[in-house]
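S.K.: below are the sequence and a predicted model for it; my questions follow.
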Amino acid sequence: MMFVLIGVLLGAPWALSFAPFASWWLGFALLIVLQEVVLRTSSHKQAAWLGFGFGWAAFCVGVHWLFTSLHHYGGLPAWFAVLSVGLFSAYLALFSALACAVPRWWGGRTQSLKASPLLTAAVWAASWTFFEWLRGTLFTGFAWLNLGDTLVDSPLANLLPWLGNYGALFLVLWVATALVQTLREAIKRRAMLGKPSLQLLGLLGLLAALLNAPVAVQSAGLLTVAGVQTNVDQSIKFDPDRIIGNMQQAFKLGDVARAKLDASPSGGALLFPETVNPLVWTDTPDVWQQRFRDFGVPGKIDVVMGSAIQEGRDYYNSIVVFNGAERDRDLLIPQRRHDKRHLVPFGEFIPTGFAWFVGMLNMPMGEFSRGQGPLEPLRIAGQSVAGTVCYEDIFSGEFAGLLADAKHEPTVLLNLSNLAWFGQSWALDQHAQMGRTRSAEHRKPGLRVTNTGLSGLVDDHGRWVVKVAPGQAMVWDGQIEGRKGRTLFSRLGSFLWFGIWGVVLVLMVLRDRRARAYNSGIPI
C-alpha cells in the first residue's frame, strides 16, 4: 500500500489549487509529480492504487464541507456523515485511479520502442481529462474540483473561450508534462535536445497563439441590477415558526433594492436568490405572490426570484420572472420561468437504491422533476438571460449544449443559488469559480445571486466586478455589459474535447500496433 500512501500525500493539497486559495499552478505541479511516480510503478495496478490514494485524499479535503450538509443540516449522526463523505470520496477516486492506470498500462505495452516524450505527455493529459469528464457525467456526474476551472484565475484564462475547461486543461497539462518529459529524456541520454524540442516549440507556439488570440464578441448594452442576499441559515429556512419573519426580512430588503432601481433612469432587474420563497408557489399566500410581482414596474423593473413551482403532479425548482403587469390569475402558475434541468442527487431526487439514505436526512423538497425542452432565455431588462439554478452551471459541456440549443442567443448568464447547506465553507468560493469559468468560456457576463454568499457580478472574462461578502443580509447593486457573439467552444462544446481525445486514442493504437510488430520481429 506504499503507492496509496504516496497518492494520499500528493492528493491532500489538491484543494488549495481552487478558490478561495486560487493557487492554480499547484494542481499542475501535483499532476506532473503524480505522472512521474506513475512512470516508476511496475504495473498498471500499482498506478491505479496510486491514483486512488490521490483522488481519495483530494476529495476528502476538497469536499469536506459535505459533512456540514449531512450532519449539521441533514441530521445524520456525525460518524455516519464522516463515513458517507469518505465513501463518496472513494467513489470519486475510482476515476483518478483509472486516469493513472491507463497510461501505465499503455506505456508497458509500448516500452520496447524509443521514448516519445510528446506522445507520453499527450496520453497522460488525455487520460486525466477524459476521466475527469467521465466523473462529471456518469450517474448525472459530480464535476466539482476540475482543475480546468482554476484557469479562470490564471494568466492562461484566454484558453477557455477556445477550448473550454477540459480542453484548456488538456493543452496546459500536455505542454507542462511534455517539457518535463523532454528534459528528463535529454538528461537520461546525456544528449542535446533535438527533434522532440522542435515539436515542443510548435506546441508552445500553439499555446501562445491561443493565449493572444482575440475573441470576437460585441456589446449588447448595459444591465443595471440590485440583488438581495437574505442570509437565512439553512437550519431556519424551512422552520414553520420562522418562515413569516424570514419572508418579512426578504420583502424589506426587496424594498431597498426597488428604491435603488427606481432611482436609476434605465431601471433594471431586482434579483432574489434560489427558493427565496421556501413554500411551494401554489401554497404561497396570495399577498406574498402579489408582493413579489409588485416589486416590478412595467417597462422599467423586472423581478427575478426563486421558488418551487407545482404544475400538475410535477414540482420544479424554478427561476420566476415578473414585470409588474401580471394579473392576479397569471400568478397562479407563473409561465415566465426557467425550470432546473440538472438536479442534485439526494437533495432534489432520490437515486435508485438510496431511498433508505435519503429517508435518514432532514431534506425538505427532495423530489423535483427535471425541466424539459430547449432553453428559453429570459427577457430581463432588455437582455436575453440564460438562467441556471445552483448546481446546473458546474457542468461545462452540458452547459455549452444548453446554450447552443437555446431558442435565441443569451447575452447574460444568471445563476440563483442557496448555498446555505454548506455554511461559510470553501464550497461557496468553489461554486462561484466554476460559474465564473462558464462566463469566460462563453464570453458572457454573469449574475450570481445567493442566499448566504457568494453573490455579485462577473464580467465576460470571469472576473469579479462586484463581489459581495458572504454571511450577511444586505442589498447590493451594480452594472454589467451584456455580450453578443459565440466563442469557438460555444460552437463546438464537448465535441471539441472528443476530437482531442479521439486523436490521442488513434495515436495510442498506432503506437501499440507498432510495438507489437517490433516485438514480433516484423520490420516496421
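M.R.: Cool, the structure landed.
S.K.: confirm Ser266 sits in a strand?
M.R.: No: when DSSP: H, G, I helix; E, B strand; the rest coil is applied, Ser266 is found to be coil, with no strand at that position.
S.K.: from Phe495, how far off is it?
M.R.: Counting by CB to CB, to the nearest Å, the gap from Ser266 to Phe495 is 39 Å. To be clear about C-beta, it is placed using only N, CA and C from the backbone, and glycine gets the same treatment.
S.K.: what's the answer for Trp106, then?
M.R.: Trp106 is 24 Å from Phe495, by CB to CB.
S.K.: and stretch 257-266, end to end?
M.R.: Start and end residues of stretch 257-266 are separated by 14 Å (CA to CA, to the nearest Å).
S.K.: Trp106 and Phe495 - which one has more neighbours?
M.R.: Between Trp106 and Phe495, Trp106 has the larger neighbour count (other CB atoms under 10 Å), namely 21 against 13.
S.K.: helix or strand with the lowest mean pLDDT in this structure?
M.R.: When the helices and strands of the chain are compared on mean pLDDT, DSSP states H and E, helix 355-359 comes out lowest with a mean of 77.
S.K.: which other helices and strands does the next helix or strand after that one contact?
M.R.: Remark: after helix 355-359, the chain's next helix or strand is strand 378-380, criterion DSSP states H and E. Where contact means 3 or more CB pairs under 8 Å, 6 or more residues apart in numbering; DSSP states H and E, strand 378-380 is packed against strand 301-311, strand 314-322, strand 383-389, strand 412-417.
S.K.: ok now strand 378-380, how far from the chain's centre?
M.R.: Relative to its chain's centre, strand 378-380 lies at 23 Å (CA atoms, centre = their mean, to the nearest Å).
S.K.: quick one, phi/psi of Trp144?
M.R.: The phi/psi pair for Trp144 (degrees, to the nearest 10) reads phi -70, psi 150.
S.K.: before we move on, what about Leu271?
M.R.: phi -120, psi 120.
S.K.: repeat for Ala473
M.R.: phi -80, psi 130.
S.K.: Gln199 now?
M.R.: phi -60, psi -40.
S.K.: model confidence for the closest residue to it other than its chain neighbours, exactly?
M.R.: Closest residue to Gln199 apart from its sequence neighbours, by CB to CB, 6 or more residues apart in numbering: Leu118 at 5.4 Å. On pLDDT, Leu118 comes in at 91.
S.K.: buried set for the host helix or strand of Leu118?
M.R.: Secondary structure from DSSP H and E places Leu118 in helix 117-135. Within helix 117-135, the residues scored as buried using 16 or more other CB atoms under 10 Å are 117-133, 135.
S.K.: follow-up on the earlier one: tell me which of the helices and strands packed on strand 378-380 lies nearest to Gly86.
M.R.: With CB to CB as the measure, strand 412-417 is the member of the helices and strands packed on strand 378-380 nearest Gly86 (26.2 Å).
S.K.: report all helices and strands that the following helix or strand past that closest one contacts.
M.R.: Using DSSP H and E, the helix or strand that directly follows strand 412-417 along the chain is helix 426-442. Secondary-structure packing of helix 426-442 (3+ CB pairs under 8 Å, 6+ apart): helix 160-189, helix 396-404, strand 412-417, strand 446-450, strand 455-458, helix 488-492.
S.K.: with mean neighbour count as added columns, please give those in a markdown table.
M.R.: As requested, the helices and strands packed on helix 426-442 are arranged in a markdown table below (neighbours: other CB atoms under 10 Å):
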| stretch | mean neighbour count |
| --- | --- |
| helix 160-189 | 22 |
| helix 396-404 | 21 |
| strand 412-417 | 29 |
| strand 446-450 | 27 |
| strand 455-458 | 26 |
| helix 488-492 | 19 |
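S.K.: out of these, which is closest to Trp288?
M.R.: strand 412-417 (17.7 Å).
S.K.: tell me what the closest one is packed against?
M.R.: strand 301-311, strand 378-380, strand 383-389, helix 426-442, strand 446-450, strand 474-484.
S.K.: what does the shortest one contact?
M.R.: The one in question is strand 378-380. Counting contacts by CB atoms under 8 Å, 6 or more residues apart in numbering, the residues outside strand 378-380 that touch it are 223, 269, 302, 304, 319, 321, 336-338, 384-387, 412, 414.
S.K.: list buried residues within those.
M.R.: Counted by 16+ other CB under 10 Å, the contacts of strand 378-380 give 223, 269, 302, 304, 319, 321, 336-338, 384-387, 412, 414 as buried.
S.K.: in those, find the pair that's most separated.
M.R.: So, the buried ones among the contacts of strand 378-380 by CB to CB: farthest apart are Leu223 and Arg337, at 19.2 Å.
S.K.: picking that back up, dump the helices and strands packed on strand 378-380 to JSON lines, plus mean pLDDT.
M.R.: Shown next, in JSON lines, are those (pLDDT from 0 to 100):
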{"stretch": "strand 301-311", "mean pLDDT": "95"}
{"stretch": "strand 314-322", "mean pLDDT": "95"}
{"stretch": "strand 383-389", "mean pLDDT": "96"}
{"stretch": "strand 412-417", "mean pLDDT": "97"}
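S.K.: can you list those in TSV and add distance to Tyr166?
M.R.: Written out in TSV, the entries for the helices and strands packed on strand 378-380 read as follows (distance: least, CB to CB, whole Å):
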stretch	distance to Tyr166
strand 301-311	29
strand 314-322	27
strand 383-389	19
strand 412-417	19
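S.K.: closest one to Trp162 among the ones you listed?
M.R.: The nearest among the helices and strands packed on strand 378-380, by CB to CB, is strand 412-417 at 18.3 Å.
S.K.: who does the closest one pair up with?
M.R.: strand 383-389 (parallel), strand 446-450 (parallel) (DSSP bridges).
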